[in-house]
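J.: mind folding the following:
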Amino acid sequence: MGHWFNGSGFYGHNMTAHPLGWIFPVLFWVLVILGIIYFVKLLMGKSTHDDTALDILRRRYARGEISREEFIDLKKELSE
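T.: So this is what the prediction gives:
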């Protein structure tokens, strides 16, 4: 049983056997790196994003959770 990379290619396969044999390992690592970047940005965005009450109210109105009249009334209450 050999190592996962024994010098002959990625996961022990000979990369010179096929002209595009290098593309799958490169694609794999690019996707791994992009996934890590995505999750780091996601985590950082949640920890530093502070929504105001008005932002939350606007989103609720945009999603249709509250009517226009409710939105106006609540907006007036928040501005007082």
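
J.: which helix or strand lies directly C-terminal to the lowest-mean-pLDDT helix or strand in the chain?
T.: When the helices and strands of the chain are compared on mean pLDDT, DSSP states H and E, helix 23-48 comes out lowest with a mean of 86. The helix or strand immediately downstream of helix 23-48 is helix 53-63, counting by DSSP states H and E.

J.: okay, buried residues for that next one please.
T.: 57, 61 (16 or more other C-beta atoms under 10 Å). Every C-beta, even on glycine, is put in place using the N, C-alpha and C of the backbone.

J.: I'd like the distance between residue 73 and residue 67.
T.: From residue 73 over to residue 67 the distance is 9 Å, taken as C-beta to C-beta, to the nearest Å.

J.: now residue 43
T.: Distance from residue 43 to residue 67, by C-beta to C-beta: 35 Å.

J.: residue 22 now?
T.: From residue 22 to residue 67 the distance is 58 Å (C-beta to C-beta).

J.: how about residue 54?
T.: Taking C-beta to C-beta, one finds residue 54 at 17 Å from residue 67.
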